[in-house]
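Visitor: kindly return the folded structure for what I paste below:
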Amino acid sequence: MDPQIMLERYKIPAKRRDTAAIAIVATRQAAHEKILSEQCNVLYITGAHGPSRERIYGVVTREYIERSYRV
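Guide: Down below sits the predicted model:
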């Protein structure tokens, strides 16, 4: 990559959130526990798609989990 074209991503204004991965087969309780243990705001949902090919299926936020699930 051309060094003159490289962007300094953290200088771009954006709303950044701490993230962690969770398996597509995880329960809401497992997601809630992961959010708490990783102290993050967003989980990205992963799963295998074909032979050893990891795929991201989507994201779920702390707010959504806490609204939809009560421990």
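Visitor: how about the lengthiest helix in the chain: buried residues?
Guide: Criterion DSSP state H: the longest helix present in the chain is helix 28-38. Across helix 28-38, burial judged by 16 or more other C-beta atoms under 10 Å covers 31-32, 34-35. Every residue, glycine included, has its C-beta placed from N, CA and C.
Visitor: show me the contacts for A31.
Guide: 22, 43, 60, 65, 69 (C-beta atoms under 8 Å, 6 or more residues apart in numbering).
Visitor: go with 10 Å
Guide: The contact partners of A31, taken as C-beta atoms under 10 Å, 6 or more residues apart in numbering, are 20, 22-23, 43, 45, 60, 62, 64-65, 68-69.
Visitor: cool, and A21?
Guide: Going by C-beta under 10 Å, 6+ apart, A21 touches 34, 38, 40, 43-46, 54, 56.
Visitor: circling back: counting contacts, what elements does the following helix or strand past the longest helix of the chain pack onto?
Guide: Using DSSP states H and E, the helix or strand that follows helix 28-38 in sequence is strand 42-48. If you count contacts as 3 or more C-beta pairs under 10 Å, 6 or more residues apart in numbering; DSSP states H and E, strand 42-48 packs onto strand 19-23, helix 28-38, strand 54-61, helix 62-68.
Visitor: what comes up buried for strand 42-48?
Guide: 42-43, 45-46.
Visitor: alright, I will stop here.
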